[in-house]
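Undergrad: Coordinates only, no sequence provided:
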């Protein structure tokens, strides 16, 4: 009895942290419709600033309950202030943009804030002292439970009641709710929505900072807190229903209890259990526990897919020139030595991976934030078939593709029922489950040690392997061009732009979406198998959030609606990762700033910006 009582209290205490994060994220989304992936950075900022105040800068504050509490409050206020700057500089320029652009832009903000905090606070962990007077434990049913966790446990309902009162009883809260329902009508009534959206962002970020600050007596502040908490926060928000504070509260309780019981009873499957719960909820109720239709993701505006980067239509010869130039350029890089060849292979494999996501996004409008799942399946499928059965490169690549195909065939049946952020989070759930399995299934995957010593490519066969990867990359680009002009491509774009009209016309909506999802997964699996052969080893990081973001960056940097966008994006990202990282410690922050600039200034990508510039110059030339 005491065991389950303590686990119940642990779960409720952990639920408070999740709710503070989820409530802030839900509030921001409800008013601004921004899916803020950088929300974990404000959590980390609150923890780091408060920890430095009571530990390093003003250690006397760590001995006074009032000053310690004030330090925690300062962490929350600092997070709110930085949130205000982020809203003014970045977020307000993303209002109305498709959720995928918001996710990638705010991921860039995460990179920038991470390096800014590393520069300002240093890279070391900071162990804060216990809260004065609340450092002991009390006996509950014969077991000891920390007093501080009882205090944080009580904060969850208090914050929920406070937010409920603010949103229902105050004029500011009523206007926030009105902005959530119909921002245009609010503007027509003469109320400026910008201060409301700024207030929502500040309040949401302050709640995240408070959640981070409250963690100090329980764990040290460190630079991995942002990514550790943001994934489960998204799970809570999506499970509860986007835009619903009450749904976030219920989901935080559910996920907190599952997490606490999982840690005690199934420690190696805790993360899997959390995502399984989310998947079950979304399978039964695609909009979450208390989500509503208006809280669903913004549908992408109809856009034309550009087969040529020039502003004018091109003939067959002109269309073939990019293919020829691509082969010549990559072929030249392959002859410049081991470093140039390795860099070219990285770019080509990333291109194939990016194309797998681009086909799904640009034509089908399916947003995936966990496409690394199929990349990892391909990588591990190829690696394990070679390590266990000695399969050569062709068989290993086939095994990787088959692994991705089987999982996508099963998972796709659930995924295609969702859309927007819900679909993105379901795909993220799959990737995180695979990452957890690869990390903890040591007997098969080797855990963090990975599967190493692969000899799928030897020094003698490396030139042939380079030619194979180059050929597969060109073939993938050509296949995407053919798909765009095919009947299936037309059906995909019809389902993306006008699903109700497409359904009324007799198009099998579910089958069309399911087919492109599975085909994209197989291509991602092929890229993963090639990656395993190229690197000679596979580690759990191939299923991480960062790998999924790499595919998104590749597509969006170049231009999601441009055939050669993924090629340009993969080249830019590969070069930036290799060259900037050699002598610049804060290159990730610089990359984050670059990503934010692209998403704000050229949301159609680099090729879209070039195309507009050429079209403008052409028009000015005609006028002259």
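TA: Done, it's in. As the structure is a computational prediction, the values presented were derived from the model and not from experiment.
Undergrad: Please report the distance of the residue positioned nearest the centre of the chain from residue 106.
TA: The centroid of the chain falls nearest to residue 369 when counting by Cα atoms, centre = their mean (5.1 Å). For residue 369, the distance to residue 106 (Cβ to Cβ, to the nearest Å) stands at 12 Å. Placement of C-beta: from N, CA and C, glycine included.
Undergrad: for the stretch 101-250 of the chain, which spans come out with low pLDDT?
TA: 180-183 (pLDDT under 70).
Undergrad: give the contact list for residue 415.
TA: 366, 423, 426, 427, 517 (Cβ atoms under 8 Å, 6 or more residues apart in numbering).
Undergrad: ok, of those, which one's closest to residue 200?
TA: Top of the list for closeness to residue 200, among the contacts of residue 415 and by Cβ to Cβ, is residue 423 at 24.8 Å.
Undergrad: isn't that closest one right up against residue 367?
TA: Yes: contact criterion Cβ atoms under 8 Å: residue 423 and residue 367 qualify, at 5.8 Å.
Undergrad: Distance from the chain centre to stretch 371-385, please.
TA: Centroid separation between stretch 371-385 and its chain, computed with Cα atoms, centre = their mean, to the nearest Å, is 19 Å.
Undergrad: buried sites along the longest helix anywhere in the chain?
TA: As assigned by DSSP state H, the longest helix anywhere in the chain is helix 2-32. Within helix 2-32, the residues scored as buried using 16 or more other Cβ atoms under 10 Å are 6-7, 9-32.
Undergrad: What of stretch 96-106?
TA: 97, 98, 99, 100, 101, 102, 103, 104, 105, 106.
Undergrad: Do me a favour and get the end-to-end distance for stretch 54-61?
TA: 5 Å (Cα to Cα, to the nearest Å).
Undergrad: And for it, what's in contact with it?
TA: With Cβ under 8 Å, 6+ apart, stretch 54-61 has contacts from 53, 62, 67, 68, 70, 71, 126, 127, 128, 129, 216.
Undergrad: any idea which of the contacts of residue 415 is closest to residue 119?
TA: residue 427 (33.2 Å).
Undergrad: Could you count how many residues lie near that closest one?
TA: Residues lying near residue 427 (other Cβ atoms under 10 Å) number 26.
Undergrad: Residue 58 too?
TA: Residue 58: 13 neighbours (other Cβ under 10 Å).
Undergrad: Please apply the same query to residue 519.
TA: Around residue 519 there are 19 residues (other Cβ under 10 Å).
Undergrad: Contact partners for residue 88?
TA: residue 198.
Undergrad: rerun that using 10 Å as the cut-off
TA: The contact partners of residue 88, taken as Cβ atoms under 10 Å, 6 or more residues apart in numbering, are 194, 198, 201.
Undergrad: Skipping its backbone neighbours, what lies nearest residue 465 in space?
TA: Of all residues beyond its chain neighbours, the one nearest residue 465 is residue 457 (4.6 Å), with distances taken as Cβ to Cβ, 6 or more residues apart in numbering.
Undergrad: To clarify, my last question referred to residue 82.
TA: Per Cβ to Cβ, 6+ apart, closest to residue 82 is residue 45, 6.2 Å.
Undergrad: where does the one you found land in three-state SS?
TA: helix (DSSP: H, G, I helix; E, B strand; the rest coil).
Undergrad: Tell me, how many residues neighbour it?
TA: Residue 45 has 31 nearby residues by other Cβ under 10 Å.
Undergrad: same question, residue 194
TA: Neighbour number of residue 194 under other Cβ under 10 Å is 12.
Undergrad: thinking it is in contact with residue 87, fair?
TA: Yes: applying Cβ atoms under 10 Å, one finds residue 194 in contact with residue 87, separated by 9.3 Å.
Undergrad: quick one: low-confidence ranges for the stretch 451-600 of the chain?
TA: For the stretch 451-600 of the chain (pLDDT under 70), the answer is 581, 583.
Undergrad: Let's see that with 50 instead.
TA: The model of the stretch 451-600 of the chain has no residue with pLDDT under 50.
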